[in-house]
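In: I would like the atomic coordinates for the input below:
(one chain, ligands or ions: 1)
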Amino acid sequence: MDLELPESVLHAMEARIQRYPQKRSAVLPLLHLIQEHKGYISQKAMQWIAQRLDMQPIEVQELVTFYPMLHQKPCGHVHVRVCRTLSCALQGSAQVLKTLEKALNCPAGSTHPTGSVSLEFFECLANCHGAPVVMVNEVLHADVTPERLQALVEEIKKEIKMKG
Ligand code: FES
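Out: All right, here's what the predicted structure looks like:
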């Protein structure tokens with residue numbers, strides 16, 4: 001089964017497997033490596049991992065569906081996550097989300113048809129003291145007040161243009 005990954009990634013995956021006395025322990029590192037290079041984890045990738053680690057495909061799929069940071073379909077070039085959990089909810093994250101949906105023309109839980117941006121209402125982003133929190137790709141933005149949100153929208157639009 002060909003995962004269409006560069007040799008360097010396949011080597012990195014083999015190296016991860018060798019690190020563990022039980023090869024199934026490498027399942028999460030392999031999922032992260034695949035997502036890093038493909039942007040998501042396909043059914044084919046899950047089957048490949050299951051075969052290589054002597055697991056059942058359903059065991060790999062359970063992990064992919066359990067962890068919200070793992071994706072089963074491609075995300076936009078810019079991935080925006082708004083925290084929906086308690087501290088952020090109390091600090092107005094629903095309004096932050098609404099503003100972003102409108103500004104980016106992308107409903108929550110979807111990817112823009114051009115593939116430029118994805119918007120998600122996400123579980124706790126582990127920065128509760130900085131609520132409300134927005135994550136753009138891997139960068140966390142805390143204390144997103146309405147004024148700061150406007151600046152952030154401009155930043156996101158710039159990034160979309162750069163990556164588009
Ligand atoms: S509740 Fe939003 S970061 Fe934890």
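In: do a quick rundown of the strands in the chain.
Out: For the chain, strands defined by DSSP state E occupy the ranges 78-83, 110-111, 117-122, 134-136, 139-141.
In: now do the second one: everything it contacts.
Out: Residues external to strand 110-111 that are found in contact with it (Cβ atoms under 8 Å, 6 or more residues apart in numbering): K73, P74, C75, G76, V117, S118, L119. Backbone N, C-alpha and C define where each C-beta goes, glycine included.
In: cool, the last one as well?
Out: When contacts are taken as Cβ under 8 Å, 6+ apart, the neighbours of strand 139-141 outside the stretch itself are L125, N127, G130, V133, V134, M135, R148, L152.
In: I'd guessed the second one sits against V144; true?
Out: This points to N127. No - when contacts are counted by Cβ atoms under 8 Å, N127 is not listed as touching V144 (10.9 Å).
In: what is in contact with the two at once?
Out: Common contacts of N127 and V144, defined by Cβ under 8 Å, 6+ apart, comprise V133.
In: looking at those two, which is more packed in?
Out: V144 (24 against 17; other Cβ atoms under 10 Å).
In: what residues are up against that one?
Out: Per Cβ under 8 Å, 6+ apart, neighbours of V144: V96, P132, V133, V134, L152.
In: got a pLDDT number for it?
Out: V144 carries a pLDDT value of 96.
In: cool, and M1?
Out: On the pLDDT scale, M1 gets 78.
In: who touches it in this structure?
Out: Neighbouring residues of M1 by Cβ under 8 Å, 6+ apart: K44, Q47, W48, Q51.
In: ditto for I160
Out: I160 touches H77, V78, L104, S116, V117, counting by Cβ under 8 Å, 6+ apart.
In: show me the two of the residues you listed that sit farthest apart.
Out: Farthest pair in these (Cβ to Cβ) is H77 and L104. Separation: 12.2 Å.
In: any residues in contact with both of the two?
Out: V117, I160.
In: what does this protein put close to the ligand?
Out: C83, T85, L86, S87, C88, C124, L125, A126, N127, C128, A131, V133 (Cβ under 6 Å from any ligand atom).
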